[in-house]
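Colleague: I would like to see how this sequence folds:
(2 chains)
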Amino acid sequence: MKRRSLLGIVALAASLALPPSAIAQEQIDLRAAWWGPEARTALYNRLLDLYQTENPGVTFAREFADFNPYWTRLSTQAAGGNLPDLIVMHLQHVENYATRGAILPLDEYVASGRIDLSDFSDGYINSGKVGDQIFMVPLGLTPRSLAYNPTLFERAGAELPDPDWTWSDWREAVSTISEALSSEGIYGTSDHGHSMLVFHLWLGQRGLPVFDPPGLGFTKEDLTEYWQMWEDLRAEGVLPPAAVVSEIVSIGMVHADSWLSRGRLATWFTPGNQFPLFQNYAEDELEIAAIPHSERPGDRPYNFAGGAFMAISSTSQHPDTVADFINWFVNDEEAGVIYAGEHGPPGSRRVQQLLIEGLNEANAKLYRYSDSVSDYVVPEPPSVPQAGQIESAMVAAYDELRFGRVSIEEAVDRFFEEADFILE
Amino acid sequence: MAPKSDVSVAMPASPAVVVRLKSWLRPSRPEQRAGQNATDNVWGYVFMAPWIIGFAVFVAFPLLASLYLSFTNYDLFTPPEWRGLANYERLLTRDRTFGASMWVTLVYVALSVPARLAFALAVAMLLHRGVAGLGLYRAVFYLPSLIGGSVAIAMLWRQVFGHEGLMSAVAAFFGMPDTSMLGSPDTALFTLVVLAAWQFGSPMVIFLAGLKQIPKDLYEAADVDGAGRIQKFFWVTIPMLTPVIFFNLLMQIISAFQAFTPAYVVSGGTGGPANSTLFYTLYLYQQAFSYQRMGYASAMAWILLAIVATITIINFLASRHWVHYGDGGK
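Modeller: This next block holds a predicted model:
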């Protein structure tokens, strides 16, 4: 008798001791996905952990990958109706996902203030739109840049870049550097003839787009001129050997192994937000220069800003919770300081101010650079769904050229044939 | 003797029904009871059921679905759109990259299969002589073929053959120019052939088993006839091994056509400099998962099936002429 009543009292006490929240709280499990190198993954993990601590009912399962595999996997998940709730999105791909209804329009959240974009500039808000609807929230936007190593410039006796320098100035500088230092395996620049990024900038200066949906925006003459420039550089011995260039390119976003960080290249075209990542692994102090300007009459300076964004999958069971997280991510000051402009200056002016005070040198350079080009920077223009395939075709055609297997005319013809075939 | 089996559904549950059902399951006539065919069949199907269900769901259904999809345009987001033979027509008559990938794959098969089989036979013959620690050697040589198709080994290959890798260091030692075997379209495929040849372990084990089966008295008879080592190899060993060679040849050709991971990792998913390592399966993967053209990729898959099937049939037909089954079978 006594034992039974004792047990009863203990049971009652135990049930009273349970915190009410544990009974009433609904456990929300979300999935978040992003791309990026290991350092960025560590950042995201830290931020997700912080959010989870502050919001005990919410947990995030994390999925991450390198940039290219990320999109492959995302499209497979979309096919399976299995997209993660929180998707880090990119300008090149958003149209694909938005027009097919894979991600949610966010206008209602923005209008109600659940995702508070009140201290974002219009430019930032508009960058997340497809058509008239907002589909994603910017985490940061950066222009393209030319990272360079002044130590190598000085060693070779080449003139340092200035904000108004032209392609001729750049050619002279890299020629000087390659001539002086190629015996040590150091070159002024790598071969960017295959690079849609640099070609895009080069075309933009001439007022031409890469894509004029549904087709290409440039002609054979444009591509021929562009490749001629690189052929000339190759003939002068400025570029590393072709087989070595293949490897330089395949290093991709592994900044630690990149030739720029290892002091074997003097210049490198890159999205601005990667500059601090290169600096991280570089022994020498790197600087950012403007993209060389075109000296043809009538051409203007050109740069476009890209970045990363967050979107909500349309199949998410808890879109409101994801929206709350996005709001926290882009507005919360602690989050902003931790994230520290990983994708460039963030949208919230308040966070920007905070960051500017505490920036490390590399990021400060990036912000100053971003400012300096802000009057002519445009958001990344729309592309076509087959953009990835066309980029591969450009790489393949250029490979034939740079290994000396075909002439420029043949390579250009081949590319255009392949592009026509792809765009059918 | 016993009442004839009879199943009557309308009868209420009763011992009578139970007896009747039991008699249906246990056949009453002596001949039937002796073989128990009906029971065996039922249980046979029951045990097969897991495999049949797995096959139907994971193999047969996707196979048929992909056949259907190969006639459509399917980008995963929107429902498939019927296009008839358009995918096939595009692939076979107009897609230059398809032709390039087909060529790369054929070259790869033509180089890697003989290389692999030659190494396998050579090492099997060496081991067959009888060495101490045969089991250890066999395991050691077999190991690469287990792990060789993995991502880890492919990454290792990138290190060995890449710029600043082992081969480059060797080349530099001999004063050759600073280059990269992986980065040049002339040599990139060769590195993959070497990787394939390195995985000779599994055909080797089969060759070893085949060698053990050759009756020793044939060799003794050859000795009596005054045959030298080389003659014995060509006139006793090889003919007796032809069934094993045939088997290995067939299996290796099929698997070489399906090679994917080494090409993907070594070329970084791009198909290598100037499409020189763009295997058929890699191009298929790009079409399916990078460019989201599932219908097109399905058509590629079925064309590959047709090609491999054709080559297999040709192999079988040719085998009648050169494969010698010593026991007089088939």
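Colleague: so which strand or helix has the residue nearest the centre of chain B?
Modeller: Geometric centre of chain B, nearest residue: residue B:255, 3.7 Å, by Cα atoms, centre = their mean. Using DSSP states H and E, residue B:255 sits within helix B:238-257.
Colleague: if we ignore the residues flanking it in sequence, what's nearest the residue of the stretch 251-400 of chain A found nearest chain B?
Modeller: Closest contact between the stretch 251-400 of chain A and chain B, by Cβ to the nearest Cβ, is at residue A:399 (3.6 Å). Quick note: C-beta positions are derived from backbone N, CA and C, even for glycine. Distance criterion Cβ to Cβ, 6 or more residues apart in numbering or on different chains; nearest residue to residue A:399, sequence neighbours excluded, is residue B:274 at 3.6 Å.
Colleague: ok, that neighbour touching residue A:406?
Modeller: No - using Cβ atoms under 8 Å, residue B:274 makes no contact with residue A:406, being 9.8 Å away.
Colleague: which neighbours do those two have in common?
Modeller: Counting by Cβ atoms under 8 Å, 6 or more residues apart in numbering or on different chains, the residues touching both residue B:274 and residue A:406 are residue A:400.
Colleague: who's more crowded, these two?
Modeller: Between residue B:274 and residue A:406, counting by other Cβ atoms under 10 Å in any protein chain shown, residue B:274 is the more crowded of the two (25 against 17).
Colleague: ok, residue B:90 - contacts?
Modeller: residue B:296.
Colleague: what are the ranges of the helices in the stretch 1-150 of chain B?
Modeller: B:15-25, B:30-35, B:37-55, B:61-69, B:86-89, B:96-128, B:134-147 (DSSP state H, counting those that start in this stretch).
Colleague: just the angle for the third one relative to helix B:61-69, thanks.
Modeller: What that stands for is helix B:37-55. Helix B:37-55 and helix B:61-69 are oriented at 60 degrees to each other (axes from the mean of the first three to the mean of the last three Cα atoms, to 10 degrees).
Colleague: put the alpha carbons of helix B:37-55 into PDB.
Modeller: Taking Å, rounded to 0.1, in the frame of the first residue of the first chain, the C-alpha atoms of helix B:37-55 are listed here in PDB:
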ATOM      1  CA  ASN B  37       4.200 -30.500 -57.100                       C
ATOM      2  CA  ALA B  38       1.400 -28.200 -56.200                       C
ATOM      3  CA  THR B  39       2.800 -27.500 -52.700                       C
ATOM      4  CA  ASP B  40       6.400 -27.200 -54.100                       C
ATOM      5  CA  ASN B  41       5.200 -24.700 -56.600                       C
ATOM      6  CA  VAL B  42       3.400 -22.500 -54.200                       C
ATOM      7  CA  TRP B  43       6.300 -22.500 -51.800                       C
ATOM      8  CA  GLY B  44       8.700 -21.900 -54.700                       C
ATOM      9  CA  TYR B  45       6.800 -18.700 -55.600                       C
ATOM     10  CA  VAL B  46       6.600 -17.600 -52.000                       C
ATOM     11  CA  PHE B  47      10.400 -17.700 -51.700                       C
ATOM     12  CA  MET B  48      10.900 -16.100 -55.000                       C
ATOM     13  CA  ALA B  49       8.500 -13.300 -54.200                       C
ATOM     14  CA  PRO B  50      11.000 -10.900 -52.600                       C
ATOM     15  CA  TRP B  51      13.300 -11.200 -55.500                       C
ATOM     16  CA  ILE B  52      10.500 -10.900 -58.100                       C
ATOM     17  CA  ILE B  53       9.000  -7.900 -56.400                       C
ATOM     18  CA  GLY B  54      12.500  -6.300 -56.100                       C
ATOM     19  CA  PHE B  55      13.100  -7.000 -59.800                       C
END
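Colleague: tell me the mean pLDDT for it?
Modeller: Averaged over helix B:37-55, pLDDT sits at 89.
Colleague: buried stuff in it?
Modeller: Within helix B:37-55, no residue is scored as buried using 16 or more other Cβ atoms under 10 Å in any protein chain shown.
Colleague: same thing with the longest one?
Modeller: By neighbour count, with 16+ other Cβ under 10 Å as the criterion, the buried positions of helix B:96-128 are B:97-98, B:100-102, B:104-105, B:108-109, B:111-113, B:115-117, B:119-121, B:123-125, B:127-128.
Colleague: return the residues of the stretch 1-150 of chain B in contact with chain A.
Modeller: Neighbours of chain A within the stretch 1-150 of chain B, by Cβ under 8 Å from any Cβ of the partner chain: B:76, B:77, B:78, B:94, B:95, B:96, B:97.
Colleague: how near is the second one to residue B:71?
Modeller: Read it as residue B:77. From residue B:77 across to residue B:71, the span is 19 Å (Cβ to Cβ, to the nearest Å).
Colleague: may I have the secondary structure class of the spatially most central residue of chain A?
Modeller: Central residue of chain A (Cα atoms, centre = their mean): residue A:307, 4.8 Å from the mean position. Three-state assignment for residue A:307 (DSSP: H, G, I helix; E, B strand; the rest coil): strand.
Colleague: you'd agree it is up against residue A:137?
Modeller: No - assessed by Cβ under 8 Å, residue A:307 is found out of contact with residue A:137, at 10.8 Å.
Colleague: quick check: residues of the stretch 151-300 of chain B near chain A?
Modeller: Close to chain A, as judged by Cβ under 8 Å from any Cβ, the stretch 151-300 of chain B has residues B:162-163, B:177-185, B:187, B:267-271, B:273-275, B:286, B:289-292, B:294.
Colleague: could you rerun that using 6 Å?
Modeller: B:162-163, B:179-180, B:183-185, B:268, B:273-275, B:289-292 (Cβ under 6 Å from any Cβ of the partner chain).
Colleague: now do the SS call for the residue of the stretch 201-330 of chain B found nearest chain A.
Modeller: As assessed by Cβ to the nearest Cβ, chain A sits closest to residue B:274 within the stretch 201-330 of chain B, at 3.6 Å. Per three-state DSSP, the secondary structure class of residue B:274 is helix.
Colleague: report the contact partners of it.
Modeller: A:399, A:400, B:185 (Cβ atoms under 6 Å, 6 or more residues apart in numbering or on different chains).
Colleague: top of those by neighbour count?
Modeller: residue A:399 (25 neighbours).
Colleague: tell me the buried residues within the residues of the stretch 1-150 of chain B next to chain A.
Modeller: B:76, B:95, B:97.
Colleague: what ranges does the stretch 251-400 of chain A have for its strands?
Modeller: With DSSP state E, counting those that start in this stretch as the criterion, the stretch 251-400 of chain A has strands at A:267-271, A:287-289, A:303-312, A:377-379.
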